[in-house]
Structures are given as structure tokens and as C-alpha cells.
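1. need coordinates for the following:
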Amino acid sequence: MARIVLVSGSLRRHSVNSAALATIRSILDRRADEFHTSEIRVADLPHYNEDLDVGPGPAAVSAARELLIASDAAVISTPSYNGAMTGTLKNALDWLSRPWKASSLSGKPVALLTASPGTYGGVDAQSDTRRVLERCGAVLIDHPRVAIGNAERLVGRDGTITEPSVVAELEGLVDATITAVRGHRVPLAA
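-> As a prediction, the model looks like this:
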């Protein structure tokens, strides 16, 4: 069973980025019992402070690192705040990128998308986020750029996105993630 961690860069209760990830979770749930999804909540992580990053460190950080290490891939969705990823997502990536060269992000396949109430879907946050993920040692999954614009109008009562064209884009991202997971996994010895 493949384990995929979902990370929303938004803190909002009715976040469109969290709705996009809920849609991805729903897509994966419909694909038999092959996938297990879990979530890292960026709100649970304290502000990065190297003085705290000794020993096991803060419990929420240890739990997030362990969850990511045990996963086969991650999918990250973030809004654009002033043309960049949110500070809360950057903070989470700072925690997850340690220790250097042995972090939970090192070699981890990661898919990226953005969503926003604005017309462009937060696309301007993607290059910044990609650069930071690459610096953290993540392996960015190759897929067409997904930037969901006017996203608040697309979320249904169940908290998922229902617009067929956007669902198709998210299914493509899921397919790329699954392909990356299958290509990245090391077969178990017989």
C-alpha cells in the first residue's frame, strides 16, 4: 500500500487548498485499497528555532518528520501570499528539511499545486515553492502545472472541488504521483 502525505500551506478553516487536497484524498480513496493518505498540519508546528531542534525536538515536529519518512510521496498545496508560498508552509519545510542531507524530504517525491480565490490560482507561488523544495532535497514530480483559480466558487458542500475540469487536472496530478511512487519504490527482497 502506498502512503501519501498531504500538506496544505493554508491555515484557514475553509481553505481552498485544503479543499483541493480533500479532492485528491477522495480520488485516491476511489482507487481501491492501494493508497493510504495522511496529513501534516502546518499549524501544529512551532516557529522554526534551531535551539529547539535538538534530540527528538518538539513532539509535533517529530511526528511530522516520522510521517513523512514513512510515506512514499507528498502532495503540497499552497496559496500565494504576496507572490510566494505562505510563511507557515515555509516554516514547515524548514523543520522537515533538517537534519541536512538526512531529512525527511531528502529524495522524497513531492507533487505541487496551488489554489486561490484569485484568477491565477496562486501560480506565482509555485516557482518559489519548487525552489525551496529542491533545496530541501525533495524530488519534484513531473506533471503539468496545477493552479486552481477562482477556487472558492468550485468547492462543494462536502468540502471538495466538484468542477469536472479541475477534478480532471487533480486526477492527472494523482496519476503523476502514483507513477512517481511506483518508479521510486524499492522492491522488497523475496
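2. how close does Glu66 get to Met1?
-> Using CB to CB, to the nearest Å, Glu66 is found at 17 Å from Met1. The way it works is simple: take the backbone N, C-alpha and C, and place the C-beta from them, glycine included.
3. more neighbours: which of these two?
-> Glu66 (12 against 8; other CB atoms under 10 Å).
4. for the strand or helix carrying that one, packing partners?
-> Per DSSP states H and E, Glu66 falls inside helix 59-69. With contacts taken as 3 or more CB pairs under 8 Å, 6 or more residues apart in numbering; DSSP states H and E, helix 59-69 sits against strand 35-41, helix 87-96.
5. can I get those in TSV with distance to Ser77, mean neighbour count and mean pLDDT?
-> Shown next, in TSV, are the helices and strands packed on helix 59-69 (distance: least, CB to CB, whole Å; neighbours: other CB atoms under 10 Å; pLDDT from 0 to 100):
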stretch	distance to Ser77	mean neighbour count	mean pLDDT
strand 35-41	11	18	95
helix 87-96	9	21	97
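6. adding distance to Asp53, write those out as TSV.
-> Output for those, formatted as TSV (distance: least, CB to CB, whole Å):
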stretch	distance to Asp53
strand 35-41	17
helix 87-96	8
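7. among those, which is nearest Gly172?
-> In terms of CB to CB, the element of these nearest to Gly172 is strand 35-41, at 16.0 Å.
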